[in-house]
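Undergrad: model this:
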Amino acid sequence: MKKRDLAILVGFSLCVFFGGCDSVNRHKVLTTIFDGVPAPPPPGQVCEEYAQQRLAAALAGGDGETVNPATLQAGSEHPPYRDKHCDDCHARTQSSGFVTAQVEDLCFVCHKDFIKGKYVHGPVSASACLFCHDPHSSRNPALLKAEKSAICQECHNEARVAAGMHNMVSSRNIECVNCHNPHYGNAPNFLK
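TA: Presented below is the predicted three-dimensional model:
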């Protein structure tokens with residue numbers, strides 16, 4: 001009898017383990033085994049609650065600093081996120097990492113034929129859009145994770161960038177993107 005009980009316990013544990021990571025699969029496993037399991041909330045409600053939590057966190061500031069809602073509104077929102085079309089990018093199962101395609105390819109599902117230059121910026125050629133852009137919303141334009149020139153300086157902070165013309169340009173508050181295309185270009189250094 002002990003072996004049978006142990007086998008049942010191991011079998012049950014495996015079912016919960018393999019079905020337990022994903023809420024949809026977990027619900028299927030639980031309803032197969034138990035009666036009276038409540039229905040999960042609809043995906044739209046889960047997404048809405050998540051969006052409200054993100055907005056509250058953004059309004060409170062990541063470090064507890066209060067943010068003016070008008071400042072947040074002056075930023076940008078990804079249209080599928082703004083219009084609550086979560087399924088455009090997100091799957092309902094965790095087995096896919098909650099995205100409908102590989103993260104590296106996801107942006108290019110909609111942004112087809114985006115690269116049109118002879119020279120391509122490293123993060124763009126590596127499909128690392130999320131290095132500079134937030135996929136949902138940002139306080140900055142173009143879903144940037146920081147101000148335009150601050151994003152560039154995260155990688156391009158060496159002395160040669162600050163030398164010569166760049167020193168003169170930065171002292172006049174001209175942004176990198178006034179002269180350089182951040183994604184691609186037909187001239188070296190993505191000059192416009």
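
Undergrad: these two touch, right, residue 132 and residue 145?
TA: Yes. If you go by Cβ atoms under 8 Å, residue 132 and residue 145 touch, sitting 6.2 Å apart. For glycine as for every other residue, the C-beta is placed from the backbone atoms N, C-alpha and C.

Undergrad: next structured bit after the helix or strand bottoming out on mean pLDDT in the chain?
TA: Here the helix or strand of the chain ranked lowest by mean pLDDT, DSSP states H and E is helix 69-73, holding a mean of 52. For helix 69-73, the following helix or strand on the C-terminal side (DSSP states H and E) is strand 76-77.

Undergrad: Output the contacting helices and strands for that following strand.
TA: With contacts taken as 3 or more Cβ pairs under 8 Å, 6 or more residues apart in numbering; DSSP states H and E, strand 76-77 sits against strand 137-138.

Undergrad: Adjacent strands (with direction) for the strand it packs on?
TA: According to DSSP bridges, strand 137-138 forms sheet pairs with strand 76-77 (antiparallel).

Undergrad: Not counting its own residues, what contacts the partner strand?
TA: 136-138, 140-144 (Cβ atoms under 8 Å, 6 or more residues apart in numbering).

Undergrad: And the strands in this structure, which stretches?
TA: Using DSSP state E, the strands found in the chain span residues 76-77, 119-120, 137-138, 184-185.

Undergrad: partners of the closest residue to residue 188 other than its chain neighbours in the sheet?
TA: Nearest in space to residue 188, with sequence neighbours left out and distances taken as Cβ to Cβ, 6 or more residues apart in numbering, is residue 119 at 6.4 Å. Beta-bridge pairing of residue 119 under DSSP bridges involves residue 185.

Undergrad: Could you pull out the helices in the chain for me?
TA: Taking DSSP state H as the test, the helices found in the chain are 2-20, 23-33, 43-60, 69-73, 79-82, 103-110, 122-125, 148-153, 159-162, 165-171.

Undergrad: If you average pLDDT over each of those helices, which is lowest?
TA: Lowest mean pLDDT of the helices of the chain: helix 69-73, a mean of 52.

Undergrad: Mind listing what's buried along stretch 127-134?
TA: 129, 132-134 (16 or more other Cβ atoms under 10 Å).

Undergrad: show me the contacts for residue 134.
TA: 143-145.

Undergrad: let's see it at 10 Å
TA: For residue 134, the contact set (Cβ atoms under 10 Å, 6 or more residues apart in numbering) comprises 75-78, 81, 140, 142-146.

Undergrad: just to revisit the earlier point, now for residue 132 and residue 145: what residues contact both?
TA: Listed as contacting both residue 132 and residue 145 by Cβ under 10 Å, 6+ apart are 151, 154.

Undergrad: Many thanks, I have nothing further to ask.
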